[in-house]
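Engineer: Got a sequence here, can you model it:
(chains A and B)
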Amino acid sequence: MPNQVDSRPHDAASAAPAALPRGKGLTVTLGHDVPLRLDCGVDLGPFTLAYTTYGRLNADKSNAILVCHALTGDHYVADPHPVTGKPGWWHEVVGPGRIIDTDRYFVVCSNVIGSCMGSTGPKEIDPATGEPWGLRFPVITIGDMVQAQARLLDHLGIDTLFAVIGGSMGGMQVLEWVHAFPNRVFAAVPIATSYRHSAQNIAFNEVGRQAITADPDWCGGDYLKHDRRPERGLAVARMAAHITYLSEQALHRKFGRKLQNRAAITYGFEADFQVESYLRYQGSSFVDRFDANSYLYITRAMDYFDLAEEHGGRLADAFTDVKTRICLISFSSDWLFPTSESRAIVHALNAVAANVSFVEVQSDKGHDAFLLDEPEFHETLAGFLDGAAEHRGLPRRVEG
Amino acid sequence: MTHQAPPPAAAATVGSSTAASSIRVDLQIIADLVEPGARVLDVGCGDGTLLSYLWHFKRVDGRGIELSMDGVQAAVAQGLSVIQGDADTDLKDFPAHAFDYAILSQTLQATREPRGVLTELLRIGRRAIVSFPNFGFWRSRLHLVVKGRMPVTPCLPAQWWDTPNIHLCTIRDFEMLCREMGVTVETSFALDSAGRRSRLTATHRLANLFAEQAVFVLRRG
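Structural biologist: All right, here's what the predicted structure looks like:
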């Protein structure tokens, strides 16, 4: 859990790479002097970011990689999660000798603003009232998340990132990074993502939010004050969302119509089918680690994301100054962020003659494939990163 | 921050990947035509053989488009900038004059609209380099005349029912199309069946009979 609270003096102590904070569960409070101007118009500051770093920043600070997490992810990218004890959400990709090699790169992953794993969000205390923010927390956007991350990098003394990498909502942040800070990103990998949330995606998010707010224990968002938690609503939200992360084939392969610990259907509403039992487990385990209001805020941030809209509907105009090497990766069975979304981004990047690669990985594992062991995906990611490292003048990978 | 590549390396092996020092003969001719550091779009780049060569030996700023996902995946896994796309439909996205060279090697005959593709190549690139198998090659002619069947040659190895080549042409045909389009042929090469650059240029009268394949360098007007 967070074990260090940096304050103002640290903002200035960014010069020496050797003095950089390293490790898991770090926190830093920023924006004392200049608050974060959110897209909704509210000034937020000071604000706290929880983050983790791995590896060492090299002398010319050219080997930093920012990993952006998805909706319910956090900064425990390679370390066991402090609540669940499960391995980090991308431990197969990030680590010594792994694709995002912490022996070669300085890897930073921060919990997004609005989340509930240590960064400023609705469950933290509003200094103005001394009570949890609840729904008084300002609505945040993907742009706000990225602006907050940029402040963290300023604090760490990193001007230019070698790469920004992320899947799903993490991929939205990657695209926002390329758009907002084209000169601070050498290479970018948006995975299983889109430049805007589709009507279908907004619809699924709305189902989740309605489930939460319909739970009497939600208490108008003030459940923490009343010592209650809208666990049933949040669990249903997770169950609905979880279906969208899987493909029909993956669900069928895993469960089919198999019955759960019984020989025959019961003519009742118990979890007769394994798939029901599985979803109930996914829902109930989720509420142990996630905050319902954070779920509202972060799904809203995804809904509001639309890079084309900011440019009069012309996505290419979002990327006019882009010199970043970009590699888009989609998965053939992902129906939440289908390949057509990535292809639209590729078309826009071609229109500005950007340096872009694009691979659709054949997989039947649905949207979640980016978190799973998919050799073809890993080969693509590794090849792109090695190629980008060569162009950046970073030392080549030592073959194991 | 700089986006410049490190200076050209003397050896074929630099960085994370290695390039084959010998490549298909038409690719070698194309590679020889491209100046170091040029901006290159390779349309139908396959697994990225030419782009890899051009990066390692000429430090070009190279991009590729390839229809087959296997090709794209192999190219990107080598660190090359390649997208999955279709020459017939996806070239229109690119802005005019974005590249010094738009390259189409052994792909023209597999496109649905060769003329449209050529127009796009010449819009995107200052120059287009096109290589294709010559259907006027004497062995093809002989095959058709003597056996009365569609030619199957080392350059065109597939049977008629299995070939991706739907718009085959002779060198003469190609020249006439260029003339009709008002396209200037800057240079041309004829390759014989041994893969040697023949003494003839592809625009020579006899090349249409003796060249198995041809490479053309084109520009607008």
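
Engineer: Every contact and neighbour count from this point should use C-alpha atoms.
Structural biologist: Will do.

Engineer: Show me where the stretch 51-200 of chain A has its strands.
Structural biologist: A:64-68, A:94-95, A:100-101, A:106-110, A:125-126, A:131-132, A:161-167, A:185-191 (DSSP state E, counting those that start in this stretch).

Engineer: Equivalent analysis for chain B, please.
Structural biologist: B:13-14, B:17-18, B:39-43, B:61-66, B:82-84, B:99-105, B:125-133, B:183-191, B:213-220 (DSSP state E).

Engineer: before we move on, back to that, kindly state which of the strands of the stretch 51-200 of chain A is positioned closest to chain B.
Structural biologist: strand A:185-191 (7.4 Å; C-alpha to the nearest C-alpha).

Engineer: residues in contact with that closest one?
Structural biologist: With contact meaning C-alpha atoms under 8 Å, 6 or more residues apart in numbering or on different chains, strand A:185-191 is reached by A:160-168, A:170-172, A:174-175, A:177-178, A:323-330, A:370, A:388, A:392, B:3.

Engineer: ranking the strands of chain B by burial, who's on top?
Structural biologist: strand B:82-84 (a mean of 29; mean count of other C-alpha atoms under 10 Å in any protein chain shown).

Engineer: and it, what other elements does it pack with?
Structural biologist: In terms of contacts (3 or more C-alpha pairs under 8 Å, 6 or more residues apart in numbering or on different chains; DSSP states H and E), strand B:82-84 is packed against strand A:355-361, strand B:61-66, helix B:69-77.

Engineer: could you dump these to JSON lines with distance to residue A:39 and mean pLDDT?
Structural biologist: Shown next, in JSON lines, are the helices and strands packed on strand B:82-84 (distance: least, C-alpha to C-alpha, whole Å; pLDDT from 0 to 100):
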{"stretch": "strand A:355-361", "distance to residue A:39": "29", "mean pLDDT": "96"}
{"stretch": "strand B:61-66", "distance to residue A:39": "36", "mean pLDDT": "96"}
{"stretch": "helix B:69-77", "distance to residue A:39": "36", "mean pLDDT": "93"}
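
Engineer: contacting residues around the residue most central in space within chain B?
Structural biologist: When C-alpha atoms, centre = their mean is applied to chain B, the residue found nearest the centroid is residue B:105 (1.5 Å). Listed by C-alpha under 8 Å, 6+ apart, the contact set of residue B:105 reads B:26, B:27, B:42, B:43, B:44, B:45, B:129, B:130, B:131, B:132.

Engineer: now the strands for the stretch 201-350 of chain A?
Structural biologist: With DSSP E, counting those that start in this stretch as the criterion, the stretch 201-350 of chain A has strands spanning A:325-331.

Engineer: give me the residue from it nearest chain B.
Structural biologist: residue A:350 (5.2 Å).

Engineer: I'd assumed residue B:96 was in contact with that residue.
Structural biologist: No - here residue A:350 does not reach residue B:96: they are 11.2 Å apart, not a contact under C-alpha atoms under 8 Å.

Engineer: Next one, pLDDT for residue A:16 please.
Structural biologist: pLDDT, residue A:16: 40.

Engineer: Repeat that for the one 5 residues further on.
Structural biologist: Residue A:21 is assigned a predicted lDDT (pLDDT) of 72.

Engineer: Please apply the same query to residue A:11.
Structural biologist: pLDDT, residue A:11: 38.

Engineer: sorry, back to before: would you mind giving the strands of chain B as CSV with distance to residue A:120 added?
Structural biologist: As requested, the strands of chain B are exported to CSV (distance: least, C-alpha to C-alpha, whole Å):
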stretch, distance to residue A:120
strand B:13-14, 45
strand B:17-18, 43
strand B:39-43, 46
strand B:61-66, 42
strand B:82-84, 39
strand B:99-105, 46
strand B:125-133, 50
strand B:183-191, 62
strand B:213-220, 58
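
Engineer: To residue A:310, which of those strands lies closest?
Structural biologist: strand B:82-84 (25.7 Å; C-alpha to C-alpha).

Engineer: Residues touching that closest one, excluding its own?
Structural biologist: A:346, A:356-360, B:48, B:63-69, B:72, B:75-76.

Engineer: Let's see that with 6 Å instead.
Structural biologist: The contact list for strand B:82-84 (C-alpha atoms under 6 Å, 6 or more residues apart in numbering or on different chains) reads A:357, A:358, B:63, B:64, B:65, B:66, B:67, B:72.

Engineer: Off-centre distance for it?
Structural biologist: The chain centroid and the centroid of strand B:82-84 are separated by 16 Å under C-alpha atoms, centre = their mean, to the nearest Å.

Engineer: State the mean pLDDT of that strand.
Structural biologist: 96.

Engineer: just stretch B:207-219 next, same as before
Structural biologist: 94.
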